[in-house]
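[1] starting from these lines, generate the structure:
(one chain, ligands or ions: 2)
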Amino acid sequence: MARVWRGVVRTRAGLIRYNMRMEQTLILIKPDAIQKRLTGIILSRFEALGLEIAAAKVVRASEELLREHYANLKGTPFVDGVVKFMMGDYNNLPDHRIYAFVLRGENAVSRVRAALGATNPEKAEPWTLRGQFGCIKDGVMQNAVHASGTPQEAEREIALWFKPEEVLP
Ligand code: UDP
Ligand code: MG
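    Numbers count the residues shown, from 1 in each chain. Ligands and ions are numbered 1, 2, ... in the order given. This next block holds a predicted model:
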């Protein structure tokens with residue numbers, strides 16, 4: 001779902017064009033961040049962007065769900081490690097918990113990704129969430145948070161993790 005408002009505002013300085021996209025994005029708090037009790041800190045960064053929470057739940061993530069979520073990694077040498085990580089095996093979370101959220105706001109997808117930083121926490125800018133809190137262990141990037149990469153990805157991922165009635169209209 002992406003609603004777009006385009007328009008022009010006349011000011012003394014001239015015309016200002018605007019292009020606002022109301023977007024939704026899927027956030028997953030990953031097991032490393034859950035173990036370190038970083039959920040509140042992470043959510044506060046997104047709230048400070050003015051984004052609203054449209055859905056929230058604790059999920060016991062199955063291997064099947066995680067393989068579907070990371071379908072883009074199929075065939076890579078690290079996919080099994082990533083799935084094991086997301087099932088909590090490296091962070092002492094035997095109940096497979098993941099905290100899932102749908103966040104909504106203007107240009108939410110790109111703004112949340114900017115707050116995350118690069119996928120590789122060792123390359124992420126030090127002030128981003130992944131730069132501050134991520135690490136690499138046994139070849140798996142334990143990078144604290146997942147966020148959808150594009151509005152199309154967000155739509156697919158939200159449908160995977162949430163039933164339609166769980167997301168506020
Ligand atoms: N990942 C990894 N090693 C890699 C690439 C990815 O461990 O070389 C993990 C990492 O946890 C990453 C996830 O797989 O967040 C999904 O990869 P993607 O390329 O979609 O990165 P993201 O969209 O999360 O930045
Ligand atoms: Mg991705």
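[2] hey, what's the most centrally placed residue in the chain bridged with?
    By Cα atoms, centre = their mean, the chain has its centre lying nearest to Ala147, at 1.8 Å. The partner list for Ala147 in beta bridges (DSSP bridges) reads Ile27.
[3] tell me if I'm right that it and Gln24 touch.
    No. If you go by Cβ atoms under 8 Å, Ala147 and Gln24 don't touch, sitting 11.2 Å apart. Bear in mind the C-beta positions are built from the backbone N, C-alpha and C, glycine included.
[4] list the buried residues in stretch 118-133.
    Ala118, Pro121, Ala124, Thr128, Leu129, Arg130, Gly131, Gln132, Phe133 (16 or more other Cβ atoms under 10 Å).
[5] tell me which of those residues fall in helices.
    Within those, residues falling in helices by DSSP state H are Leu129, Arg130, Gly131, Gln132, Phe133.
[6] which among the residues you listed gets closest to ligand 1?
    Arg130 (8.0 Å; Cβ to the nearest ligand atom).
[7] so who does Thr39 touch?
    Shown in contact with Thr39 (Cβ atoms under 8 Å, 6 or more residues apart in numbering): Ile29, Ala33, Tyr99.
[8] who wins on neighbours among these?
    If you count neighbours using other Cβ atoms under 10 Å, the busiest of the contacts of Thr39 is Ala33, which has 22 neighbours.
[9] elements contacting the one helix or strand that residue maps to?
    If you go by DSSP states H and E, Ala33 is part of helix 31-35. Judged by 3 or more Cβ pairs under 8 Å, 6 or more residues apart in numbering; DSSP states H and E, helix 31-35 is in contact with helix 79-86, strand 97-106.
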